[in-house]
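Novice: Would you be able to build a 3D model of this:
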Amino acid sequence: MNKTVLAAVAGMLAAGGAIAAYQTFATPYADVVSSTPIIEKEPIYGDVVSSTAVTEMRTGSRQVCEDVAVEKRREERFGDKDGMVVGAVVGGLLGNQVGGGDGKKLATVAGAVGGAFAGREIDRRHTGGQKYTEVEQQCRTVTEPREEVIGYDVQYRRDGEVSTTRVEDKPGAQILLGERDKVVGYDVTWEYEGQTGSLVMDEDPGKRLPIKDGVIAVRSADTPPQG
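Specialist: Take a look at the predicted model:
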């Protein structure tokens, strides 16, 4: 056989062996059926440049209390209205000492009536018992205008731009502007040789997933590369 032909045949056999070896040791892949982003809310902040209090004049009321010395009188021994009763008793006793029989009875009644009248008049004209001073707390409500802080005009910087907004409370170093959607991972469904499964990945896997030692070879963002 021609040496040239033998060399060509040998080359073909060598190439076929290499292809067979590649097919035997090539990395298998699972097909990605679906990849759904996992969404979480992420706060958006701006760096505070300055804040200015916004004030408004409003009318408000407050209670003012003070200690006041008040002059009072102590109660009489018999009270304010017992003079009439005491006068009636005394008048009746005095009338009972006059005469006898029906005259004595009439004198007793007359004495009681007169004594009651006299006692009542004494009560009316009497100025009361001993005077004394007592300190009392007296309160009153006063209405007055006052300046109130109703908010803050805030200048903040975000992405190199300075903007202004108004907030109710005095801000710190940062101000919350809102929130946005953030992709934190992917729910992935795969299929390989009639089998299906699912897993969570940090990144979108694309169309295929490598299989190593019979399992899906997944490297998350926190896992260092192997090899």
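
Novice: Tell me which helix or strand in the chain has the weakest average pLDDT.
Specialist: helix 3-25 (a mean of 45; mean pLDDT, DSSP states H and E).

Novice: Next secondary structure after that helix?
Specialist: Counting by DSSP states H and E, the next helix or strand C-terminal to helix 3-25 is strand 29-73.

Novice: what packs against that following strand?
Specialist: In terms of contacts (3 or more Cβ pairs under 8 Å, 6 or more residues apart in numbering; DSSP states H and E), strand 29-73 is packed against strand 131-158, strand 161-167, strand 174-192, strand 195-201, strand 208-212. C-beta coordinates here come from the backbone N, C-alpha and C atoms, glycine included.

Novice: 10 Å instead, please
Specialist: Helices and strands touching strand 29-73, as assessed by 3 or more Cβ pairs under 10 Å, 6 or more residues apart in numbering; DSSP states H and E, comprise strand 131-158, strand 161-167, strand 174-192, strand 195-201, strand 208-212, strand 215-216.

Novice: Direction included, what does the last one pair up with?
Specialist: The partner list of strand 215-216 in its sheet, established with DSSP bridges, is strand 208-212 (antiparallel).

Novice: The partner strand versus strand 195-201: what angle between them?
Specialist: 100 degrees (axes from the mean of the first three to the mean of the last three Cα atoms, to 10 degrees).

Novice: of the helices and strands packed on strand 29-73, which approaches residue 44 most closely?
Specialist: strand 174-192 (4.6 Å; Cβ to Cβ).

Novice: For the closest one, name the packing helices and strands.
Specialist: strand 29-73, strand 131-158, strand 161-167, strand 195-201, strand 208-212, strand 215-216.

Novice: now with 8 Å?
Specialist: So strand 174-192, by 3+ Cβ pairs under 8 Å, 6+ apart, packs with strand 29-73, strand 131-158, strand 161-167, strand 195-201, strand 208-212.

Novice: Nearest to residue 183 among the ones you listed would be which one?
Specialist: strand 29-73 (4.7 Å).

Novice: Now the closest one: average pLDDT?
Specialist: The average pLDDT within strand 29-73 is 93.

Novice: and what of stretch 153-163?
Specialist: Mean predicted confidence for stretch 153-163 is 96.

Novice: Next, the distance between the ends of that stretch.
Specialist: 11 Å (Cα to Cα, to the nearest Å).

Novice: before we move on, what about stretch 166-178?
Specialist: Termini of stretch 166-178 sit 14 Å apart (Cα to Cα).
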